[in-house]
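Q: got a sequence here, can you build the structure:
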Amino acid sequence: MKRPLPSIGAALLTAAFSAAAPAAAADFEKTIPIPRSGRASLGWSAGNCSVRSVSLRNYPNADDLRKARHEDPSDSSWVWWDFHVENRGGGKCRIALVVDIYDRSGRVVKSGDKSDTVDDHKLDDNIRVSTRMRTLDIADSPHARVRGRIGPR
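A: Have a look, this model is predicted:
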């Protein structure tokens, strides 16, 4: 006759199998105003990994915008979307990110994506998505849609 496992043994066994099994991926999406001079909070988390916020690097300055508006409308700029990520866990995690930049009529004028692994116990890391686009497109864009997937490596 088989004896049932004591409840504490069953709980430990379940916890051991749960810890060994990889966590499922989680998908996120948010439409944000273009973070021209600051950060846009995202607050996405799955397991021990998080995408806290996003900020822009190399946003065109006033002189670049004046030049693009009055002298060279086809001028382009590299704009980097700097996602602030962390991993508080003991194993690596994978984060995939997509940025779609919209014009005033609702059309996507530029997209960029990047996927990277975040090392364990990394509390202040970045994943940079680069977009080379017309200077006037980023200057006149009202918003962007950012999407992410956080999952096991």
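
Q: just the strands from this protein, written as ranges.
A: 26-33, 39-46, 49-57, 76-87, 93-102, 108-118, 122-134, 143-152 (DSSP state E).

Q: want to throw these into a markdown table with distance to Asp63?
A: In short, each C-beta sits where N, CA and C put it, glycine included. Shown next, in a markdown table, are the strands of the chain (distance: least, CB to CB, whole Å):
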| stretch | distance to Asp63 |
| --- | --- |
| strand 26-33 | 23 |
| strand 39-46 | 24 |
| strand 49-57 | 17 |
| strand 76-87 | 12 |
| strand 93-102 | 22 |
| strand 108-118 | 22 |
| strand 122-134 | 16 |
| strand 143-152 | 24 |
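
Q: now render those strands as a markdown table, adding mean pLDDT, distance to Asp64 and mean neighbour count.
A: Listed next are those as a markdown table, based on pLDDT from 0 to 100; distance: least, CB to CB, whole Å; neighbours: other CB atoms under 10 Å:
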| stretch | mean pLDDT | distance to Asp64 | mean neighbour count |
| --- | --- | --- | --- |
| strand 26-33 | 98 | 20 | 13 |
| strand 39-46 | 97 | 21 | 17 |
| strand 49-57 | 97 | 13 | 20 |
| strand 76-87 | 97 | 7 | 20 |
| strand 93-102 | 97 | 17 | 20 |
| strand 108-118 | 97 | 16 | 16 |
| strand 122-134 | 96 | 11 | 15 |
| strand 143-152 | 94 | 19 | 19 |
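
Q: out of those strands, which gets nearest to Arg69?
A: Each of the strands of the chain has some distance to Arg69 by CB to CB; the shortest is strand 122-134, at 11.5 Å.

Q: contacts for that closest one next, please.
A: 57, 68, 73-88, 95, 97-99, 101, 109-114, 116, 118-119, 138 (CB atoms under 8 Å, 6 or more residues apart in numbering).

Q: cool, and stretch 59-73?
A: 36-37, 75, 77, 79, 134-136, 138-139.

Q: which among the residues you listed count as buried?
A: Among the contacts of stretch 59-73, those scoring as buried are 77, 79, 134-136, 138-139 (criterion: 16 or more other CB atoms under 10 Å).

Q: widest-spaced pair of the residues you listed?
A: Val79 and Leu136 (12.2 Å).

Q: ok, what's across the strand from the residue nearest the centre of the chain?
A: Geometric centre of the chain, nearest residue: Leu97, 4.5 Å, by CA atoms, centre = their mean. For Leu97, the beta-bridge partners under DSSP bridges are Lys114, Gly148.
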